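Asks: model the structure of this input:
(2 chains)
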Amino acid sequence: MPPKLAVWKFASCDGCQLSLLDCEDELLTLAGEVEISHFLEASSMIAPGPYDVSLVEGSISTPADAERIRHIRRVSRRLVTIGACATAGGIQALRNYADTEEYRSVVYAKPEYVATLAGSTPISAHVPVDFELRGCPIDRSQLLEVISAYLAGRRPGIPDHPVCFECKMRGTVCVMVAHGTPCLGPVTHTGCGAICPAYGRGCYGCFGPATRPNLGSLKTWLGSIGMSRPDVDRAFATFNVAAFEEQPDDPP
Amino acid sequence: MPWILDGLADLHGALRADGYTVIGPTYRDGAIVLAELASADDLPYGWGVTLEPGGYRTRRREDDAAFAHSAGPQSWKPFLHPPRVKLWEGRRTEDGGFSIETEEETPPRYAFLGVRPCDLRAIGVLDHVMIGGAHPDEAYGARRTGAFIIAVNCTEPGETCFCASMGTGPRADTGYDLVLTELIGEGRFLAEVGTGAGAALLDRIPREEADEAVTEGALAEVAAAADRMGREMPEPEGLRDLLAGSLDAARWDDVASRCLTCGNCTMVCPTCFCTTVEDVTDLTGEHAERRQRWDSCFDLDFSHLPGGSVRTSGKSRYRQWLTHKLGTWHDQFGSSGCVGCGRCIVWCPVGIDLTEEVAALREEQEERRD
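Replies: Sure thing, here's the model as predicted:
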């Protein structure tokens, strides 16, 4: 029996699930190695669990979500979160720093029909997670690496360093040093292949904070090259806002 | 005997005719990078640079000098010691075993055109590390022994340069096939021979004998550059002892408050050589690869042992880097690991300046003594 793969969705835009469908050259091979048992974005066929690997997209934002993720954990041998929402709460975690009640009353015609939690939280805040794959969206090569690693019974080879490593290895001229373009690369987890700086733009931090980043030092420097403090704060308040907010002020 | 070359088109052409891939400085994305030069026209004529800690800007010069810029974002390291190398691949065989294939890639034959004296010394340091010991890296050796090196003496040191205090420049001493000195504003170059291969190449291209006055004038310009270094390494001869005696210095906390542990200093350093090895398998499990890639002592995984990383604080990682580069490198390889190119100062995103850190460590040591 091939291992069973399941894909689950919570509060998210579906972009990370699409990254799996986007594995065009490898999709048939993957389908030959695993039984895709639950992947509603691709097929309405559902095979019963338990599942060997569950890929979970999205953050927990409703009481029903909080229940459902516990069920998914129970029926999954390995649970891998895919993307910034599942790993850090996503851009919707901006509401963690605002009044959710006010949003609910303003946005919805019948707010009483909307059951929501006050915050948007990562999967790991609710159940144990075996691996967290970063990114908004995830990188499909990294996704294939994680699946390949589990199929082979080895640790996924996902590096744990900042984006700067990738820029230097691919020979990209540093946009911050050479152009004065603000860049979050020095404190952002690698994984995208340093795409933005290769096109002359600063890193937006889609993959969230690198392990033990020195945010305070970079924020001071961004100020010294001309960014206002509100702009600096806004730069960190995007797809991984909660993960950046959680970082200690002290240097690593 | 020194010669005068009128431009570098003939030199470039002769190298190409010999089958060399000519690598040299060229303008790209607001920087003077090292890349393949399709012709001598690709050289960054008329470009200068303005450097500061954490800052690099190109600027137009009033002349059309080709080599009036100091160290750029890369050294020659990526060509000799590439960031990513596939070591071997394995395939499952029908009898249930597996086969190992090592690609016998023919390394490109590089001609490095425009190696500054600091970088020339760096290649020597890297040679010692990579092929000078009991376990030489054969792939490095193949790329290195095939390389033809044309050094260019430095007449335009930058604001972050300190080769003079490290004893590595501004004039190239050994390790080149040819060395050029640009006669700025004339479009001509003084050429001196370092090896038989260099002499043979010069024999094939148009040139004039350089008279003594021109030679002396050009070399005087090089010597004068030593006084225009933007930085100085304080008391370089005492660095090994300074670092060995500074393990508990308070300065490490100060620098750690600024250090991003992003690893840029190690990536741009022309002598940092560390790599790690990654094994990957594909979805089918029929095919595996072992890959080598650059690593850095600033990466948490670099010191990962059972139980976790040994150097978790930024302080311990910066201290490791500087102590190895300037101190224990002497014990390990018999020289300093620093050649004074200043790249780690410029390309540090927050402008950490190792000459300043060394000066602070020195001051702290002296205070402790008093």
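
Asks: and B:Leu43, what does it touch?
Replies: B:8, B:24-26, B:37, B:66-67, B:114 (Cβ atoms under 8 Å, 6 or more residues apart in numbering or on different chains). C-betas here are computed from N, CA, C, even on glycine.

Asks: where does the residue sitting nearest the centre point of chain B sit: helix, strand or coil?
Replies: The geometric centre of chain B, computed from its C-alpha atoms, lies nearest to B:Pro270 (Cα atoms, centre = their mean), at 2.7 Å. Applying DSSP: H, G, I helix; E, B strand; the rest coil to B:Pro270 yields a three-state assignment of coil.

Asks: so it touches B:Val339, yeah?
Replies: Yes - at 6.5 Å, B:Pro270 and B:Val339 qualify as touching, with contact defined as Cβ atoms under 8 Å.

Asks: can you list residues touching both of the two?
Replies: B:118-119, B:122, B:125.

Asks: off-centre distance for stretch A:223-242?
Replies: Distance of stretch A:223-242 from its chain centroid, counting by Cα atoms, centre = their mean, to the nearest Å, is 19 Å.

Asks: err, stretch B:265-275, not the other one
Replies: Offset of stretch B:265-275 from its chain centre (Cα atoms, centre = their mean): 8 Å.

Asks: right, is that stretch up against chain A?
Replies: Yes - residues of stretch B:265-275 contacting chain A under Cβ under 8 Å from any Cβ of the partner chain: B:267-268.

Asks: okay, buried residues for that stretch please.
Replies: Buried positions in stretch B:265-275, judged by neighbour count with 16 or more other Cβ atoms under 10 Å in any protein chain shown: B:265-273.

Asks: need those residues in TSV (columns: pLDDT).
Replies: TSV is the format used below for the buried residues of stretch B:265-275 (pLDDT from 0 to 100):
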residue	pLDDT
B:Cys265	98
B:Thr266	98
B:Met267	98
B:Val268	98
B:Cys269	98
B:Pro270	98
B:Thr271	98
B:Cys272	98
B:Phe273	98
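
Asks: before we move on, back to that, which of the shared contacts of B:Pro270 and B:Val339 has the most neighbours?
Replies: Highest neighbour count within the shared contacts of B:Pro270 and B:Val339, by other Cβ atoms under 10 Å in any protein chain shown: B:Asp119, with 31 neighbours.

Asks: if I've got this straight, it is in a helix?
Replies: Yes - assessed by three-state DSSP, B:Asp119 belongs to a helix.

Asks: got a list of contacts for the lowest-mean-pLDDT helix or strand in chain A?
Replies: When the helices and strands of chain A are scored by mean pLDDT, DSSP states H and E, helix A:100-107 comes last with a mean of 91. Contact with helix A:100-107 is made by A:95, A:111, A:114, A:116-119, as judged by Cβ under 8 Å, 6+ apart.

Asks: at 10 Å what do you get?
Replies: A:61, A:94-95, A:99, A:111-112, A:114-120 (Cβ atoms under 10 Å, 6 or more residues apart in numbering or on different chains).

Asks: state the next helix or strand along the chain beyond it.
Replies: Downstream of helix A:100-107, the next assigned helix or strand under DSSP states H and E is strand A:131-133.

Asks: which other helices and strands does that next one contact?
Replies: The elements that strand A:131-133 packs onto, with contact taken as 3 or more Cβ pairs under 10 Å, 6 or more residues apart in numbering or on different chains; DSSP states H and E, are strand A:51-57, strand A:76-82, helix A:84-88, helix A:140-152.

Asks: that older thread, for chain A, state which of the contacts of B:Leu43 is nearest.
Replies: Distance to chain A across the contacts of B:Leu43 (Cβ to the nearest Cβ) is lowest for B:Thr26, with 12.0 Å.

Asks: quick one: neighbours of that closest one, just the number.
Replies: Using other Cβ under 10 Å as the criterion, the residues surrounding B:Thr26 number 20.

Asks: give the contact list for it.
Replies: B:Thr26 neighbours (Cβ under 10 Å, 6+ apart): B:32-38, B:41-44, B:47, B:72, B:114.

Asks: rerun at 7 Å
Replies: With contacts defined as Cβ atoms under 7 Å, 6 or more residues apart in numbering or on different chains, B:Thr26 is in contact with B:33, B:35, B:37, B:42-44.

Asks: just B:Ala66 next, same as before
Replies: Residues in contact with B:Ala66 (Cβ under 7 Å, 6+ apart) are B:43-45, B:182.

Asks: hmm, back to that, can you redo the contacts of B:Leu43 as a markdown table with secondary structure and distance to A:Pro252?
Replies: As requested, these are exported to a markdown table (DSSP: H, G, I helix; E, B strand; the rest coil; distance: Cβ to Cβ, whole Å):
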| residue | secondary structure | distance to A:Pro252 |
| --- | --- | --- |
| B:Leu8 | coil | 47 |
| B:Gly24 | strand | 39 |
| B:Pro25 | strand | 36 |
| B:Thr26 | strand | 37 |
| B:Leu37 | coil | 41 |
| B:Ala66 | coil | 43 |
| B:Phe67 | coil | 40 |
| B:Gly114 | strand | 38 |
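
Asks: just among the residues you listed, which is most surrounded?
Replies: B:Leu8 (28 neighbours).

Asks: that residue against B:Ala40, yeah?
Replies: Yes - the pair B:Leu8 / B:Ala40 is scored as a contact, 4.3 Å apart, by Cβ atoms under 7 Å.
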